[in-house]
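Enquirer: Curious how this folds, go ahead:
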Amino acid sequence: MPATIMKGSIPMETKKISISAKRQITIPQKFFTMLGFDAEAECMVRGNELVIRPAKANTGGEFAEQILADLISQGYSGMELLDRFKKAQKEVHPAVEEMLAEAEKVANSEAGYESYDDVFGTEE
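Expert: Prediction:
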């Protein structure tokens, strides 16, 4: 039965699970359903914790409309548009991952940050 503990002001449910001889675990049904797991999970090490979360669906269509609109406004069309679109789309995922890594550093007080006003200034 899951236990509820507090981490700061956030309640966390915990449950002790077994690890098989082949290093396999079973995600408790309640957690599996609550978090929306499907056929794949993403696994990472964060400090001294192992984090297992539902795999993010990467359809490859992230920002597709914005990328196409920008390329069309730059005058690309036909096969050249297609080639530029493919190249731009490959650059989106690494850029987003870099932004997320930087945000995590800021959240963990490992890096400084700039406010909205720092970036865009204030309206005067």
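
Enquirer: Every contact and neighbour count from this point should use C-alpha atoms.
Expert: Will do.

Enquirer: Residue 91 should be in a strand, yeah?
Expert: No: per DSSP: H, G, I helix; E, B strand; the rest coil, residue 91 lies outside any strand segment and is helix.

Enquirer: any idea how far it lies from residue 63?
Expert: Using CA to CA, to the nearest Å, residue 91 is found at 11 Å from residue 63.

Enquirer: quick one, what contacts residue 54?
Expert: Residues in contact with residue 54 (CA atoms under 8 Å, 6 or more residues apart in numbering) are 35-38, 40-42.

Enquirer: can you give me the strands for the protein?
Expert: 3-7, 10-14, 41-46, 49-54 (DSSP state E).

Enquirer: The last one: which residues count as buried?
Expert: Neighbour-count burial for strand 49-54, counted by 16 or more other CA atoms under 10 Å, picks out residue 53.

Enquirer: I'd like the average pLDDT over that strand.
Expert: The average pLDDT within strand 49-54 is 91.

Enquirer: swap in stretch 75-92?
Expert: Averaging pLDDT along stretch 75-92 yields 90.

Enquirer: Okay, helices next: where are they in the protein?
Expert: All helices of the chain, identified by DSSP state H, fall at 29-35, 64-73, 78-107, 116-120.

Enquirer: Of all those helices, which one comes closest to residue 46?
Expert: Nearest to residue 46 among the helices of the chain is helix 78-107 (10.4 Å), distances taken as CA to CA.

Enquirer: Now do that closest one: which elements does it pack against?
Expert: The contact analysis (3 or more CA pairs under 8 Å, 6 or more residues apart in numbering; DSSP states H and E) places helix 78-107 against helix 64-73.
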